[in-house]
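Visitor: structure of the sequence below:
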Amino acid sequence: MDLRPALWAVVAGAAATLAVVWFLQAVGPSGWEEAVVEAADPVQWPVSTEPGAGEDQQHHLVLRTASGERFDVRGKDRHLGRPAGTWLRAEISDVGREVQAIEVDGRRTTVDSGGLGIFVAALTGLGFLAGALGACADAKRPIPAVAGAVAGLGAGVLLVSRLF
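Guide: Modelled structure (predicted):
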């Protein structure tokens with residue numbers, strides 16, 4: 001029996017599952033919680049309000065919610081430049097418990113969601129799925145090869161889903 005389709009499919013299933021989980025963390029269902037900025041990268045205070053000022057600066061905040069959860073938040077939006085001790089509201093995803101946005105003084109600011117990682121994982125999953133289908137087409141016995149690929153796809157999904 002040829003194991004190539006199953007091996008290709010394991011990686012395809014794992015990559016596709018990562019892409020789906022990361023996508024749901026970035027834009028999926030969420031809820032708002034109160035949080036305080038526990039630590040912030042040093043930024044000159046106050047942050048300039050002029051258009052274009054500080055747009056290329058990466059901000060990094062460490063947030064602690066009222067329940068004690070800790071989150072790292074990164075982004076280039078100048079409204080993320082907040083000093084330690086600032087109270088704010090954090091939009092936290094229900095899938096994976098990641099911060100999607102923060103709200104300070106009624107202004108909602110999105111944070112970096114790892115869009116490139118989602119794209120690369122989805123592209124990798126599709127590439128390996130194409131490899132698995134190609135290996136099934138080249139197999140001398142295609143029906144068992146397809147069954148092995150389906151089992152491999154399920155194994156890849158199961159392996160990654162156990163992480164979350």
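Visitor: can you pull out the helices in the protein?
Guide: Remark: helices assigned in the chain by DSSP state H are 4-27, 115-138, 142-161.
Visitor: angle of the shortest one against helix 115-138?
Guide: So that's helix 142-161. Here helix 142-161 points in a direction 160 degrees away from that of helix 115-138 (axes from the mean of the first three to the mean of the last three Cα atoms, to 10 degrees).
Visitor: in helix 142-161, what counts as buried?
Guide: Of the residues in helix 142-161, those with enough neighbours to count as buried (16 or more other Cβ atoms under 10 Å) are 145-146, 148-150, 152-153, 155-157, 160. To be clear about C-beta, it is placed using only N, CA and C from the backbone, and glycine gets the same treatment.
Visitor: cool, and the second one?
Guide: The neighbour-count check on helix 115-138 (16+ other Cβ under 10 Å) flags 118, 121-122, 124-125, 128-129, 131-133, 135-136 as buried.
Visitor: quick one: low-confidence residue ranges for the chain.
Guide: Filtered on pLDDT under 70, the chain yields the residue ranges 1, 42-56.
Visitor: which residue sits closest to the residue lying farthest from the centre of it, ignoring its sequence neighbours?
Guide: Distance from the C-alpha centroid of the chain, by Cα atoms, centre = their mean, peaks at K140 (39.5 Å). Nearest non-adjacent residue to K140, counting by Cβ to Cβ, 6 or more residues apart in numbering: D2, 7.4 Å away.
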